[in-house]
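# structural data only, the sequence is not supplied:
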């Protein structure tokens, strides 16, 4: 069989052909679905940790000139809000937390957590959100230890409140709420497992089609006629032989 005929054969897959490919390879598809699903379940149970998040709220004060707020003031205040959000999770603030507010972490456990992570890891676990319709920013910290997440949020909030070295942020923040009680912020393990099962099924189906791609045999009379250019005169039917009763 030459390559051109083979290409013609493979390009004419119908829905029935696709269904038959999947049906004939269902054991392989099931195997990879369960295999990758089990590996995902093991990974989730072993390496995905519970996490807890604590959040505080800060008001960014709008500088008012002459007792009025004009459009330019609002635009500048909006820019200040965006800058303050980035500033809240900057390495500068994290460094201040380590040096000037280390007394927040007075217990041996919290000191161990603080010393075990780098500034980059702390910044990665900080999240800051704000609304374009208000001047309130929410500072959150996520960690596998609930108590540490709350203390770190408090320390970050205090570092922002006491900022005096940068004039732009001096007396800018007002605390609306201190660090809240930590809430469960763990990854959705069930979703991980579902994605793993779906990924396994996709791998199985993909391998089934690859197997079909390298299959040199003809599955139907039409494929044989198209691939060889010769008309099929007769087909031997499939039938089952039943054993007769022995006397």
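Sure, I can see it. If you're wondering where the values come from, they're calculated on a predicted model, not measured in any experiment.

# so what are the domain limits for this protein?
Per automatic domain parsing, the domain ranges recorded for the chain read 3-46+188-228, 52-184.

# select, out of those, the one closest to residue 237.
Residue 237 lies closest, by CB to CB, to one member of the domains of the chain: domain 3-46+188-228, at 11.8 Å. Any C-beta I mention is one placed from the backbone N, CA and C, and that applies to glycine too.

# lowest-confidence helix or strand of this protein?
Least confident element among the helices and strands of the chain, by mean pLDDT, DSSP states H and E: helix 3-11 (a mean of 47).

# return the backbone torsion pair for the closest residue to residue 127 other than its chain neighbours.
Spatial nearest neighbour of residue 127, chain neighbours left out: residue 140 (4.7 Å); criterion: CB to CB, 6 or more residues apart in numbering. Torsion angles at residue 140 (phi, psi; degrees, to the nearest 10) stand at phi -130, psi 150.

# residue 140: what's it in contact with?
53-56, 126-129, 153 (CB atoms under 8 Å, 6 or more residues apart in numbering).

# mind listing the helices for this structure?
For the chain, the helices defined by DSSP state H cover 3-11, 15-24, 26-47, 71-88, 91-100, 108-116, 119-125, 146-161, 189-213, 221-228.

# quick one, the third one and helix 189-213 angle?
Between the direction of helix 26-47 and that of helix 189-213, the angle (axes from the mean of the first three to the mean of the last three CA atoms, to 10 degrees) works out to 150 degrees.

# which outside residues touch helix 26-47?
22, 187, 189, 192-193, 195-197, 199-201, 203-205, 207-208.

# give the buried residues for it.
By neighbour count with 16 or more other CB atoms under 10 Å, helix 26-47 contains the buried residues 29, 32-33, 36-37, 40, 44.
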